[in-house]
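*Asks:* model this:
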Amino acid sequence: MSDDNEETQVPETQIEEDNNPTPNENDSNPAVTENNDTEATISTQAAMNKRKGRSPAWEHFEKKEIRGQIKAVCIHCKNILGASSKNGTRHLLDHVKSCLYKRQRTIDQSMLNPTKLSDGSVKLGTYNFDHDHARKALANMIILHEYPLSMVDHIGFKMYSNALQPLFKVCSRNTIKKDIFKVFEVEREKTMKLLDTNRSRIAITTDMWTSNNQKRGFMTITSHFIDDAWNLQSRLIRFIYVPCPHTAEVLADALLECMFEWNLDRKLSTLTVDNCSTNDSMIAIVLDKICSSSLMLDGRLFHMRCCAHILNLVVRDGLEVIKKSIEKIRYSVAFWLGTQKREEKFLEAARQLRVPTSKMLELDCKTRWNSTYSMLKTAMIYKDVFPRLKHREPLYKEVPSESDWAKTKELVDKLAMFYDVTVLFSGTKYPTANLYFKNICAIRLAIYDWLSSEQEEVQAMALHMQTKFEKYWDTMHGLMGVASILDPRYKMKQIEFLCPLIYSNNAAQEIKKYKDILYDLVKEYQSRSQQSQQVQSESLIPTSSSRPSMPKLDLVKQLAVFVSHSTTHGHVKSELDHYLEESLLPRNDDDDFDILCWWKSNGIKYPTLHDIARDILAIPVSTVASESCFSTSGRIISPHRSQLHSNTVEALMCARDWLWSEIRASSPNEKESRRVTVQDEEVDNNEEEESTIETENISLFFD
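*Replies:* Got it, this is the predicted structure:
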C-alpha cells in the first residue's frame with residue numbers, strides 16, 4: 001500500500017495477545033496475583049506508549065525541542081507541527097499525504113536534466129530537486145551579480161521562483177544572508193588552502209577607499225601569484241573596514257593582521273602601493289615586524305611603487321600648461337550635452353557638415369586625466385561643428401579658437417603614449433613586470449625629445465613632466481630591470497641599449513647594477529634550495545637506535561645532497577651565464593609570446609632561474625587589481641544599501657572574487673573566459689567596444 005494511504009493501526013495479533021494473556025502458574029496466589037496485575041497495568045501502558053511512538057507518521061517527522069516545546073519537524077519540507085501527546089498523530093498523517101516534497105521524492109518517473117559537458121555535448125540524466133542546493137545557488141547568484149539581499153522579499157521574484165519550481169521555498173533576507181556567509185567561509189577555506197599550498201612567492205597590492213554612502217574607509221588586499229600550472233592568478237583576500245584615523249600605524253596593523261592570518265608573511269615577494277608618504281611609513285613599519293630573512297634580498301625589493309600613479313602625476317603636471325584651452329573645450333562639451341534638445345541640434349549640425357557621428361561627445365572627470373584625454377580626442381572630431389553652432393545658439397558664448405584646437409591636437413598626440421602604456425600596465429591577465437622597463441624608458445626619452453620642440457607649449461609641458469618624472473625615476477624599481485632580463489627575447493639587450501641613451505657616461509654602472517641584483521637573487525635562491533635539501537638529508541640519516549644498514553635509495557639521495565654541498569658558486573653562476581650567452585628567442589610577434597609558457601617548458605634547463613622567474617613575473621606594476629574592487633564596492637554599498645554591515649560587505653566582495661575566479665578557471669576556452677570576465681556588460685563583438693570594457697576600471701587610478 002502506498003505511503004499516502006497509511007493509517008494508524010495496531011496489528012490484530014498484538015491486540016489479541018494483549019487481551020488474552022498467557023496463563024501463569026502463580027495465578028492461584030492472591031499476593032502474587034495482585035503484584036502481577038500491577039505489573040500488567042504498567043506493561044500495558046508502556047505498550048500503548050510504544051505503539052503511539054511507532055505511528056507511521058514518525059517515519060516522516062523528527063521530534064525536536066523548540067522554545068521549550070516538543071515539536072514535529074517534517075524531514076521533507078521542514079514544516080513544524082505540534083508533537084505533544086494531546087495532539088495525536090492524525091494531523092501529522094494528513095500533512096504527509098499533502099506534502100509536495102514527499103511526493104516529489106517518491107515520484108516513480110524522474111525528470112530528465114540536460115547537462116552541458118566541457119566538450120560542448122549534452123548529457124541527459126535524472127533530476128531530483130534538492131532544496132539546500134537551490135538555496136546555495138541563490139546565494140551564489142546574489143554574490144556574483146551584486147543583487148540586493150532584499151530581492152528574496154520581492155513578490156516578483158517569489159512568483160518567478162514558484163513558476164520555475166513550486167517545490168522551492170523562498171527564504172527570508174536574514175536566511176539568505178546566513179547562506180552567503182556559509183558560501184564565504186567555504187570559499188575562504190579553499191582560497192587559504194590554495195595560497196598555502198602554492199610553492200611560489202606571493203605579491204600583494206593594497207589601497208584605501210572611502211565609501212560615499214557610509215563615510216567609512218575600507219582597505220582592499222589582493223594577492224598575485226603563479227600557480228603550479230604556470231597560470232597568473234590573483235585573489236582578493238581581504239576587504240577590511242579600517243576605522244579613522246587612517247595613519248600609517250593603523251594601516252600597518254590591518255595589513256599585518258591579514259598577513260599573519262593568511263600565513264603570508266614568510267612567502268611575500270613585494271608590496272605594491274600608490275605614491276604617498278603614508279604608504280612609505282606603513283611599509284617601514286611592516287618591514288620592522290616581519291622577518292626580513294624570509295623576503296627577497298632581506299626586503300630590499302619589497303616596496304613596489306604603482307607605475308600608473310607615477311604616470312598620472314606626470315601627466316597632470318603637463319596638462320597645467322594648456323589649462324585654459326582645456327577649460328574652453330570642457331565648457332563647449334558640457335553645454336551641448338546639457339539638454340536633449342541641444343544634443344539633437346549638435347548631431348544635426350554634424351550631419352550637415354558630413355562629420356561622422358559614430359562616437360558622441362563625452363564629458364570628462366577633472367580628476368582623471370585619461371577621461372580628459374578621451375574628451376579631447378572625441379571633441380577633435382567635431383571641432384568644425386562648434387563654430388557653426390555659435391551663430392545658431394545665442395546662449396553659446398565661449399567657442400574654442402583655432403589656437404586652442406592646435407594646442408589640443410599636440411597634447412592629444414603626446415598623451416597617446418601615456419594612455420597606451422597605462423592600459424598596458426593595467427592588465428591583470430598577463431605578466432606586466434617584463435614590460436615595464438622598455439616602456440618607462442620610452443616615455444622618459446620622449447619627454448627629453450619634447451624639450452627641443454619648436455612649440456612653446458610642448459616645451460613647457462615637457463619641462464613640467466620632466467621635473468615630476470625625475471622625482472620618481474631614482475625610485476623606479478630595479479627589480480623590473482631584472483624582469484626584463486628574464487624575457488628570453490631580449491635578455492641583457494634591452495638594458496644594454498637603453499641605459500646609454502638615458503645615463504650616457506654612467507651607463508656601464510647602471511647595467512652592472514641590474515646584473516648584480518639578478519646574481520644576488522640566484523645566490524639566495526640556490527642557498528635556500530641547498531638548505532632545503534640539507535633538511536631532507538638529515539631526516540634520512542639513521543639514529544643510534546636505527547638499524548645499521550641503510551636502503552640503497554637513501555644512499556643515492558645522500559650522495560646527491562653531498563654533491564650539491566660540494567658545488568661551488570661557479571656552478572650556480574654558470575647557469576645564469578649560460579642563459580645570457582644563449583641566442584635570443586626570435587621575435588615574430590610580441591603580442592603572441594607567452595613568457596610563462598616558455599619558462600614552464602625550460603624549468604629543467606634553468607632550475608634556479610625558473611624559480612626566480614615564477615616569483616618576479618607575478619609582481620604587478622600597478623594597483624589595478626585593488627583599485628578595480630572599488631567600482632564593485634561602490635555598487636554594493638549603494639544609497640539603497642548604505643546600512644550594510646562591514647562584515648557583510650567583506651563577505652560579498654571576497655566571495656564574489658573567489659566565485660568568479662572558479663568560473664573563469666572552469667571556462668572551456670579563452671573566448672568563454674573573456675566573456676565571463678566582462679560579466680553582465682552587453683557589448684557588440686567588435687574589438688573597440690571589448691577593449692573599452694576591459695580598460696573601464698583604469699580610470700580609478702586617477703581619482
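
*Asks:* only C-alpha atoms for contact and neighbour calcs from this point on.
*Replies:* Will do.

*Asks:* what kind of secondary structure is the residue nearest to Lys63 when sequence neighbours are not counted in?
*Replies:* Distances taken as CA to CA, 6 or more residues apart in numbering place Ala72 nearest to Lys63, at 4.8 Å, with adjacent residues excluded. Under DSSP: H, G, I helix; E, B strand; the rest coil, the three-state class of Ala72 is strand.

*Asks:* Contact partners for Ala72?
*Replies:* Ala72 makes contact with Phe61, Glu62, Lys63, Lys64, Ile80, Leu81, Gly82, Ala83, according to CA atoms under 8 Å, 6 or more residues apart in numbering.

*Asks:* partner residues bridging it?
*Replies:* Going by DSSP bridges, Ala72 is paired in beta bridges with Lys63, Leu81.

*Asks:* got the CA coordinates for stretch 503-513 in CSV?
*Replies:* What follows is stretch 503-513, C-alpha atoms only, in CSV (Å, rounded to 0.1, in the frame of the first residue of the first chain):
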residue,chain,number,x,y,z
TYR,A,503,72.6,57.6,-18.4
SER,A,504,75.3,58.4,-21.0
ASN,A,505,78.6,58.1,-19.3
ASN,A,506,77.2,56.2,-16.3
ALA,A,507,75.5,53.5,-18.4
ALA,A,508,78.1,50.8,-17.5
GLN,A,509,77.5,51.3,-13.8
GLU,A,510,73.7,51.1,-14.2
ILE,A,511,73.9,48.0,-16.3
LYS,A,512,76.1,46.4,-13.7
LYS,A,513,73.5,47.3,-11.0
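
*Asks:* and it, which residues are buried?
*Replies:* By 16 or more other CA atoms under 10 Å, the buried positions in stretch 503-513 come out as Ala507, Glu510, Ile511.

*Asks:* Check the residues you listed against Trp209 and report the nearest one.
*Replies:* Distance to Trp209 across the buried residues of stretch 503-513 (CA to CA) is lowest for Glu510, with 37.6 Å.

*Asks:* Leaving out chain neighbours, which residue sits closest to the closest one?
*Replies:* Excluding its sequence neighbours, the residue lying closest to Glu510 (CA to CA, 6+ apart) is Cys499, at 7.0 Å.

*Asks:* Next: Asn231.
*Replies:* Nearest residue to Asn231 in three dimensions, chain neighbours excluded: Leu596, at 7.4 Å (CA to CA, 6+ apart).

*Asks:* ok, now Ala613?
*Replies:* Counting by CA to CA, 6+ apart, Ala613 lies nearest to Leu486, which is 6.7 Å off, once chain neighbours are set aside.

*Asks:* Now do Phe630: how many residues are near it, please.
*Replies:* 22 (other CA atoms under 10 Å).

*Asks:* cool, and Tyr514?
*Replies:* Residues contacting Tyr514 under the criterion other CA under 10 Å number 20.

*Asks:* same check, this time on His303
*Replies:* By the criterion of other CA under 10 Å, His303 has 19 neighbours.

*Asks:* what's the answer for the one 10 residues further on, then?
*Replies:* Close neighbours of Leu313, defined as other CA under 10 Å, add up to 16.

*Asks:* again, but for Ile70
*Replies:* Around Ile70 there are 15 residues (other CA under 10 Å).

*Asks:* residues contacting it?
*Replies:* Contact analysis of Ile70 by CA under 8 Å, 6+ apart lists Lys63, Lys64, Gly82, Ala83, Ser84.

*Asks:* And the last one, what's its pLDDT?
*Replies:* Think Ser84. Confidence at Ser84, expressed as pLDDT, is 82.

*Asks:* one step back: in three-state terms, label the residue nearest to Asn231 for me.
*Replies:* Leu596 is classified as helix under three-state DSSP.

*Asks:* and it, how far is that from Leu271?
*Replies:* 21 Å (CA to CA, to the nearest Å).

*Asks:* Angles on the backbone of Phe418, please.
*Replies:* Backbone torsions for Phe418, taken as degrees, to the nearest 10, come to phi -60, psi -40.

*Asks:* What is the neighbour count of it?
*Replies:* That count, for Phe418 with other CA under 10 Å as the rule, works out to 20.

*Asks:* quick one: stretch 509-526 to chain centroid distance?
*Replies:* Taking CA atoms, centre = their mean, to the nearest Å, one finds stretch 509-526 lying 33 Å from the centre of the chain it belongs to.

*Asks:* If anything else comes up later, I'll come back, but that's it for now.
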